[in-house]
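# fold the following for me, if possible:
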Amino acid sequence: MNPSQHVSEEAARKLVRLARDTVTALVTRRPPPEPDTSDPELALPAGAFVTIKMKGRLRGCIGNFEPAPLREIIADMARAAAFEDPRFPPVTEAELPRLRFDLSILGPRFPITPDEVVVGVHGLYITLGRRRGVLLPQVPVEWGWDRLTYLDELCLKAGIPEGSWKLPECRLEAFTAQVIEEA
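Predicted structure coming up:
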């Protein structure tokens, strides 16, 4: 998916419904929904993250930068966010009505310098040795972070000391995302 491309409102609604329906089916031990093959937008290749929130708090978030058809990657990441995020226990049936699903459809990663980072526009991916971390572009906005705080929090997410983004051996990449919030 081209970084300037965005899915339509209709496709966005279908993708959010797909995420919710996939998790609901798996939690209630029913077969997952059949993929919608009638909408060509749902076949567009992109990386994506699915974020699950409950009462405004994070309940699971998993993503993949490798492009795949949207209908496949959204269903896969919804399942993973609900059942495989190591920070949380699996989603339960009692939680389903209180969950909100947000999707981030990713553009490709590209090298960026710390000075070029724009809060609210750029998601960030950091690599230092074997350590890696990612924060979606909406995260610093939600937390009210400035650019330097964003960079330091990215380091902490990767399990490396604050300020490591200044090291010459540290690789910093950015990406953009179309963020789709469940109504």
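
# residue contacts, the spatially most central residue of the chain?
Taking Cα atoms, centre = their mean, the centroid of the chain lies closest to residue 49, which sits 2.5 Å from it. Residues near residue 49 by Cβ atoms under 8 Å, 6 or more residues apart in numbering: 61, 62, 63, 64, 77, 103, 104, 106, 136, 177. C-beta here means a position set from N, CA and C on the backbone, and glycine is covered the same way.

# longest strand in the chain, please.
strand 57-69 (DSSP state E).

# what strands flank that strand, and is each parallel or antiparallel?
Partners of strand 57-69 in the sheet, by DSSP bridges, are strand 45-54 (antiparallel).

# list the buried ones in the partner strand?
46, 47, 48, 49, 50, 51, 52, 53, 54 (16 or more other Cβ atoms under 10 Å).

# kindly report the same for stretch 58-68.
Across stretch 58-68, burial judged by 16+ other Cβ under 10 Å covers 59, 60, 61, 62, 63, 64, 65, 68.

# which SS class is the residue nearest to residue 72 when sequence neighbours are not counted?
Nearest non-adjacent residue to residue 72, counting by Cβ to Cβ, 6 or more residues apart in numbering: residue 35, 7.2 Å away. Following DSSP: H, G, I helix; E, B strand; the rest coil, the label given to residue 35 is coil.

# any idea how far residue 35 is from residue 71?
Distance of residue 35 to residue 71, given as Cβ to Cβ, to the nearest Å: 5 Å.

# these two: which has the busier surroundings?
Of the pair residue 35 and residue 71, residue 71 is the one with more neighbours under other Cβ atoms under 10 Å, namely 21 against 15.

# okay, strands next: where are they in this structure?
Going by DSSP E, the chain shows strands at 45-54, 57-69, 99-106, 110-111, 123-128, 131-135, 171-175, 177-181.

# quick one, grab the pLDDT at the residue nearest to residue 43 when sequence neighbours are not counted.
Excluding the flanking residues, the one nearest residue 43 by Cβ to Cβ, 6+ apart is residue 69, at 4.7 Å. According to the prediction, residue 69 has pLDDT 96.

# OK, contacts around residue 69?
Residue 69 is in contact with 42, 43, 44, 45, counting by Cβ under 8 Å, 6+ apart.
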